[in-house]
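Asker: fold the following and give me the result.
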Amino acid sequence: MPRVSKATASSHMDVPGYTDAYESEVGGWTVTIERNLTDMDMAPLFKGAPNDQCQASHLGYVLSGKFGVRRADGVEETFEAGDAFVIEPGHVPIVYAGSEYVAFTPTEEAKEQTAVMMPNLMKFAAEQGIELPGQASTS
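Answerer: This is a model prediction of the structure:
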């Protein structure tokens, strides 16, 4: 039976000072194990998506700290350590320092989300002077 851990994940995204995430595809799902190092409203990363919001569905579990979303209707929900969550499309993540969670996203939805997020993440990193591991410095 397939399994995912930080040690076996097929990809690792380290944004120094912000997040440390491990990810693998398993049976049509993208499994993400993410630790956040600062409080951040993730809205800037979803610019260009429909309604500038994440359009993926997620199931997950908060291991430590808290994790939140702002839904399309403007309501914010916060999930704390020990909470399992189901998040529908049309939201913006809000992350908090010290949080760690595991999320399961249908892989096709995860790919669409990543296509929007990555250019925004690169722009954010450049504006903040963050050198992403594996990316050539433009300084």
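Asker: drop to CA atoms for contacts and neighbour counts, all remaining ones
Answerer: Will do.
Asker: the bottom helix or strand of the chain by mean pLDDT?
Answerer: One helix or strand of the chain scores below all others by mean pLDDT, DSSP states H and E: strand 11-15, with a mean of 92.
Asker: the next helix or strand after it packs against which elements?
Answerer: Once the chain leaves strand 11-15, the next helix or strand it forms, by DSSP states H and E, is strand 19-26. When contacts are defined as 3 or more CA pairs under 8 Å, 6 or more residues apart in numbering; DSSP states H and E, strand 19-26 packs onto strand 11-15, strand 29-36.
Asker: which of those strands sits closest to residue 123?
Answerer: Nearest of these to residue 123, taken as CA to CA: strand 11-15 at 12.7 Å.
Asker: ok, and what's touching the closest one?
Answerer: Residues outside strand 11-15 that contact it (CA atoms under 8 Å, 6 or more residues apart in numbering): 19, 20, 21, 22, 23, 24, 130, 132, 133.
Asker: deepest of the helices and strands packed on strand 19-26, which one?
Answerer: strand 29-36 (a mean of 22; mean count of other CA atoms under 10 Å).
Asker: what's the average pLDDT for the following helix or strand past that one?
Answerer: Once strand 29-36 ends, the next helix or strand along the chain (criterion: DSSP H and E) is strand 40-41. The pLDDT scores in strand 40-41 average 95.
Asker: what are the pairing partners of strand 40-41, and which direction each?
Answerer: With DSSP bridges as the test, strand 40-41 is paired with strand 91-95 (antiparallel).
Asker: if we can go back for a sec, list just the nearest of the contacts of strand 11-15 to residue 70.
Answerer: Using CA to CA, the contacts of strand 11-15 come closest to residue 70 at residue 19, 19.2 Å.
Asker: ok, now how distant is that closest one from residue 1?
Answerer: Applying CA to CA, to the nearest Å, the value for residue 19 to residue 1 is 29 Å.
Asker: which intervals of this protein have sub-threshold pLDDT?
Answerer: 134-139 (pLDDT under 70).
Asker: using PDB, write out every CA atom in the least confident helix or strand of the chain.
Answerer: This file holds the C-alpha atoms of strand 11-15, laid out as PDB (Å, rounded to 0.1, in the frame of the first residue of the first chain):
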ATOM      1  CA  SER A  11       9.200  16.800  -3.800                       C
ATOM      2  CA  HIS A  12      10.300  19.300  -1.100                       C
ATOM      3  CA  MET A  13       9.600  23.000  -1.200                       C
ATOM      4  CA  ASP A  14      11.500  25.100   1.300                       C
ATOM      5  CA  VAL A  15      10.700  28.800   1.400                       C
END
